[in-house]
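In: Below are the sequence and a predicted model; questions follow.
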Amino acid sequence: MIPVLLFVVIVALSVVGYRRLQDWRIRRYALERLVDSEAAAMVPEGEPSAIEQWLARWLSRSGYRRAGAPGLFITLSAIGAGVGLVSGQFYRVALRAPLIDMVTGVPGGAGDVLAAILGVGHWILFVLLALVPTLVVRAVRDMRVKAIEQDLPLVLELFATMAEAGLGFDAAIT
């Protein structure tokens, strides 16, 4: 009797689960169609792509809110990559061999490790100079986050005091 009851329960749960899965798929498909149709209707021609919107949002959160900030960021990154390429080639042609000769005499195998690092130094220089704009934006954003984290408790305490005094949110902000 128990195996038959167990079998009936398993079949019933399977049917209910299958039906719920079908309902979920239908709802998800309808929602995707709705969102796609609304997005197609709302996005005018010439609208920035998702990557451009992400870059603009990232720069805006760092304090760079001007309309041309994403273009300037990309331009500065390209200039940094170009400068890195030129300086990397100068390093490879003029500096790499003397530097490797200097460090190969370091005892204990450290010279070999340093020589390997200096051997790819032109790529390291290229990557570092290409990432200078990104590093600057991240540093500015970190400073903004630290400033907000430092001031937020005081502002919240001030809002709480204003609320206890009977002021509304708009009046407290003013």
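Out: Noted; the coordinates are in hand.

In: What strand or helix carries Arg66?
Out: Arg66 is part of no helix or strand, with elements assigned from DSSP states H and E.

In: Now do it against Ala56, distance only.
Out: Arg66 sits 10 Å away from Ala56, going by Cβ to Cβ, to the nearest Å. Just so you know, the C-beta spots here come from the backbone N, C-alpha and C atoms, and that holds for glycine as well.

In: Repeat that for Val4.
Out: 64 Å.

In: So which of Arg66 and Ala56 has more stuff around it?
Out: The neighbour count for Arg66 versus Ala56, taken as other Cβ atoms under 10 Å, is higher for Ala56 (19 against 11).

In: Could I get the pLDDT score of that one?
Out: Per-residue pLDDT puts Ala56 at 87.

In: Give me the spatial nearest neighbour of it, chain neighbours excluded.
Out: Spatial nearest neighbour of Ala56, excluding adjacent residues (Cβ to Cβ, 6 or more residues apart in numbering): Pro70 at 4.9 Å.

In: residues contacting the residue most central in space within the chain?
Out: Centroid-nearest residue in the chain, with Cα atoms, centre = their mean: Trp58, separated by 7.4 Å. By Cβ atoms under 8 Å, 6 or more residues apart in numbering, the contact set of Trp58 is Val137.

In: what's the neighbour count on Phe7?
Out: 10.

In: What confidence value was assigned to it?
Out: 74.
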